[in-house]
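> structure, please.
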Amino acid sequence: MVAMKYEELDARKMSILKAIIDDYIASVEPVGSRTIAKKYDMGLSSATIRNEMADLEEMGYLSQPHTSAGRIPSDKGYRLYVDKLMDPNEPVLKPTQEDLEAIRDFMQRRIHELNQMVRAASEIVSRITHYTAIGMAGSVKKHAIKALQILSLDIRKLLVVVVLDNDIIKNQIVKLSQPLLPEELSRLSVICANLLTGNKADEITAEIINDIIALSGIDRERVLPIVEGILECIKQCDSAEIYTEGTANLLEHPEFNNLSKAKTLLELLNKEEELAKLLHSCEDGGAKGIVIRIGTENELLEVSDCSVITATYSVDGINLGTIGVIGPTRMDYGKVISALEYVRKRLLSE
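Below is the predicted model of the structure:
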């Protein structure tokens, strides 16, 4: 989790702050001192609670959206809540009967492909939490070329076929500015196979490419697009697929009634590269593989008003995948964390 220094808060201030955050998460309404005095048995008067709330606001844990309104938690308040105030042993995950049936279905499916397992798990997390979930299968290793061939489709169009070391076959169409003679194509295909087999994308150096050009006797302008096609085949397998589940859940939360804010986040959810960056940034650290980023702690501007909770699942040091949950900073943190932990147990028992 993100490290933060806190001012020393006494037990009374901590209890009041926890009550305010719990109430605000449930009600979405600014919380006043009378509400806390009535709903929580603290043995304190409304005036005493109001004074403590004023101190918490001055210390940056609360804010007051309107002069006449109650207080709402700040990012700093949520961070203290997550780090110090949540009861880790409190059973907050209460799936509905429909949720339980979906979970049973997930457990009964014989899912052998890691990508599909992560996708199914993301769907379950989204269903249980009612937030948007994003999943990314872990890349166990970068893949090397096992075999390759270059075939002619027409006078200016080639098909590059690459078999990778995981036996996945990828292909890429390459367009040429100048055609290759049949004997040139045959020679180039053999040379590329000899020099590139066994190499990963980042091992195909300029020196190897220069050797291909020299041995084939074909000019650089015609060879380079073919090498780029080969590299693209490898990268297609190396790049992690991103799965987004429960996008419509965003609209259930009043924070996203603002069309501009909702549009910004929905656009982000369609950018796989940005989502991959978001999940990769959360892969390291965190208790039990859980990382919580609140508001402005997030590196991406588009989620600076959101909280992102991610769990990275691994076995024997091998990264199986990462699942993240995106929602308002007024997120039910306990519920999301317990859902991710619950799915972790299911994933690792498959």
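
> spatially central residue for the protein, please.
Centroid-nearest residue in the chain: residue 279, 3.5 Å away (criterion: CA atoms, centre = their mean).

> separation between that residue and residue 39?
Look at residue 279 and residue 39: by CB to CB, to the nearest Å, they are 38 Å apart. The way it works is simple: take the backbone N, C-alpha and C, and place the C-beta from them, glycine included.

> I figured residue 70 hits residue 35, correct?
Yes - the pair residue 70 / residue 35 is scored as a contact, 6.9 Å apart, by CB atoms under 8 Å.

> quick one on the thing from earlier: quick check on the residue nearest to the centre of the chain: phi, psi?
When quoted as degrees, to the nearest 10, the phi and psi of residue 279 stand at phi -70, psi -40.

> quick check: it vs residue 118, distance?
Here residue 279 is placed at a distance of 11 Å from residue 118 (CB to CB).

> same question, residue 308
Applying CB to CB, the value for residue 308 to residue 118 is 17 Å.

> and if you look at residue 29?
In terms of CB to CB, residue 29 sits 37 Å off from residue 118.

> with neighbour numbers in mind, choose between these two.
Higher neighbour count among residue 29 and residue 118: residue 118, with 26 against 13, using other CB atoms under 10 Å.

> in which helix or strand does that one reside?
Using DSSP states H and E, residue 118 sits within helix 114-129.

> how far is that helix from where the chain is centred?
12 Å (CA atoms, centre = their mean, to the nearest Å).

> pLDDT on it, on average?
Throughout helix 114-129, pLDDT has a mean value of 84.

> low pLDDT regions in this structure?
1-7, 68, 88-96, 99-100, 102-115, 138-141, 238-240, 283-288, 315-319, 346-350 (pLDDT under 70).

> in the helix holding residue 118, what's buried?
Neighbour-count burial for helix 114-129, counted by 16 or more other CB atoms under 10 Å, picks out 114-115, 117-129.

> if we go by neighbour counts, what in stretch 157-169 is buried?
158, 160, 161, 162, 163, 164, 165.

> hang on, the third one in a helix?
No - Residue 161: not assigned to a helix; according to DSSP: H, G, I helix; E, B strand; the rest coil it is strand.

> element containing residue 292?
Going by DSSP H and E, residue 292 is in strand 290-294.

> give the next helix or strand downstream of that strand.
strand 306-315.

> how close does residue 275 get to residue 344?
From residue 275 to residue 344 the distance is 20 Å (CB to CB).

> what ranges does the stretch 151-300 of the chain have for its helices?
Along the stretch 151-300 of the chain, counting by DSSP state H, counting those that start in this stretch, helices occupy 182-196, 206-216, 220-238, 259-268, 272-280.

> what's the angle from the shortest one to strand 306-315?
Here helix 272-280 runs at an angle of 70 degrees relative to strand 306-315 (axes from the mean of the first three to the mean of the last three CA atoms, to 10 degrees).

> and helix 272-280, how far out from the chain's middle?
Relative to its chain's centre, helix 272-280 lies at 6 Å (CA atoms, centre = their mean).

> in that helix, what's buried?
272, 274, 275, 276, 278, 279.

> quick one: which of those residues is nearest residue 8?
residue 278 (33.8 Å; CB to CB).

> tell me the phi and psi of the nearest residue to that closest one once chain neighbours are set aside?
Once flanking residues are discounted, residue 278 sits nearest to residue 300: 5.8 Å by CB to CB, 6 or more residues apart in numbering. Dihedral pair for residue 300: phi -90, psi 130, per degrees, to the nearest 10.

> could you give the bridge partners of residue 62?
Per DSSP bridges, the residues bridged to residue 62 are residue 73.

> wait, it touches residue 70, no?
No - in this structure residue 62 lies outside contact range of residue 70 using CB under 8 Å: 9.2 Å.

> between those two, which has more neighbouring residues?
Comparing residue 62 with residue 70 by other CB under 10 Å, the one with more neighbours is residue 62, at 25 against 21.

> quick one, what contacts the closest residue to residue 251 other than its chain neighbours?
Once flanking residues are discounted, residue 251 sits nearest to residue 262: 7.0 Å by CB to CB, 6+ apart. When contacts are counted by CB atoms under 8 Å, 6 or more residues apart in numbering, residue 262 is found next to 250, 251, 256.

> how much space separates the second one from residue 259?
The spacing between residue 251 and residue 259, counted by CB to CB, is 11 Å.

> so for those two, which sits in the more crowded spot?
Shown here are residue 251 and residue 259; by other CB under 10 Å, residue 251 has more neighbours (11 against 8).

> follow-up on the earlier one: the residue nearest to the centre of the chain and residue 325 touch, don't they?
No - contact criterion CB under 8 Å: residue 279 and residue 325 do not qualify, at 11.2 Å.

> who touches both of these two?
134, 310.

> and stretch 301-320, which residues are buried?
302-303, 305-313, 319-320.

> what is the most widely separated pair among those residues?
Of all pairs in the buried residues of stretch 301-320, the most separated under CB to CB is 305 and 320 at 30.4 Å.

> count of neighbours near residue 222?
19.

> repeat that for the one 10 residues further on.
Residue 232 has 16 neighbours, counted by other CB under 10 Å.

> likewise for residue 179?
For residue 179, using other CB under 10 Å, the count is 15.

> list phi and psi for it.
phi -70, psi 160.

> so residue 326 is in which element?
strand 318-328.

> what pairs with that strand, and is each one parallel or antiparallel?
In its sheet, and by DSSP bridges, strand 318-328 pairs with strand 132-137 (antiparallel), strand 306-315 (antiparallel).
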